[in-house]
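>>> show me the folded form of this:
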Amino acid sequence: MAKTCARMCASLLAFAASGMACAGLTYSNDQRFVRAQTSFGGNQIKQPPVALGVFSETAVANSVLPSGSCHGEATQTSSLGVSGMTASGNASPSVNTTESSGLIFGATGASVFRVSFTPDSDGIMDLQGSFTGSAAGEFVLLLKAGEATLVSSTTGGAFDVSSLIFAGVTYTVEVSARVSAFAFYLAAPVSSSANAGFTLNAGTRAATCPGDLNADGFVDDADFSIFAAAYNLLDCADPAMVPGCPADLNNDGLVDDADFTVFAPAYDALLCG
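Here you go, the predicted model:
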């Protein structure tokens, strides 16, 4: 019994110590880009001139015919820091017809922020920002650990989500906006335009407390559901286990009764800190 208590106390102290510092991030697989396209062959795509460096580019494409014109445009400014990342992007296509024609004029713009990173210590990543623009915009907010999706949304408006991140696990974050504009001559000249954009501020911070498995500052039923699923799997090496095995609260490679004895008092306390 004394050995078990000593082990649990050591595990909690180790967890607290690891939570004192924010995770440093090592980046890889830079897939940021901006792209503009138009009907009749207009196309421009730009990527960071230096992989993982500061990205500040505008892509522009134009097509001009006697019966109308198309303009596609997309911008992005983003940077990757040791403990987080910032980005803003915008897409703004426009089209117009000038005389009768059977042609459909179209233009699109896309600004995509997508990078992978690996933290050097356990912690929490906060993703904050917003999507703005026309209802026709296509928005993506995504955070994955390997092939497992941790956060996924295609809804416009503001977002503020958090996720536990673990040392040595490679994550991919994407925030992107795409939009299109179309016009077809009907008895009179027609114009159409659209706009979609995003902002992102992502940063790391220390873990809150043992048992807060969804990093929301509480140990509640949502965390219990995560813990119960991991408890049923038992082995952190199980392919179905959440990457990082967050329910393994004593870091022994298993989610078992020893972890439950740590989780239970945190669940009773509810509020971290």
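
>>> in space, what's closest to residue 134 - neighbours in sequence excluded?
Leaving aside its chain neighbours, residue 134 sits nearest to residue 194 (4.7 Å; criterion: CB to CB, 6 or more residues apart in numbering). Heads up, the C-betas are built off the backbone N, CA and C, glycines and all.

>>> that neighbour: how many residues sit nearby?
Residues near residue 194, counting by other CB atoms under 10 Å, number 21.

>>> you'd agree it is up against residue 132?
No. Residue 194 is beyond contact range of residue 132, at 12.0 Å (criterion: CB atoms under 8 Å).

>>> returning to what we had before: residues contacting the residue nearest to residue 134?
91, 92, 93, 94, 133, 134, 136, 137, 179, 180, 181 (CB atoms under 8 Å, 6 or more residues apart in numbering).

>>> in strands only, show me those residues.
91, 94, 133, 179, 180, 181 (DSSP state E).

>>> ok, which pair from those is furthest apart?
Farthest-apart pair in the ones in strands among the contacts of residue 194 is 94 and 133; separation 13.2 Å (CB to CB).

>>> quick revisit: and which of the ones in strands among the contacts of residue 194 is nearest residue 230?
When the ones in strands among the contacts of residue 194 are ranked by distance to residue 230 (CB to CB), residue 133 comes first, at 39.2 Å.

>>> okay, now that closest one: neighbour count?
Residue 133 has 18 neighbours, counted by other CB under 10 Å.

>>> residue 197 is in contact with that one, correct?
Yes. Look at residue 133 against residue 197 with CB under 8 Å: they come within range, at 5.5 Å.

>>> joint contacts of these two?
Counting by CB under 8 Å, 6+ apart, the residues touching both residue 133 and residue 197 are 90, 91, 177.

>>> between these, which sits nearest residue 70?
Lowest distance from residue 70 to the shared contacts of residue 133 and residue 197 (CB to CB) belongs to residue 91, with 13.9 Å.

>>> so what's the residue lying closest to the closest one once chain neighbours are set aside up against?
Leaving aside its sequence neighbours, residue 91 sits nearest to residue 109 (CB to CB, 6+ apart; 3.0 Å). Going by CB under 8 Å, 6+ apart, residue 109 touches 34-37, 59, 72-74, 90-93, 178-179, 196.
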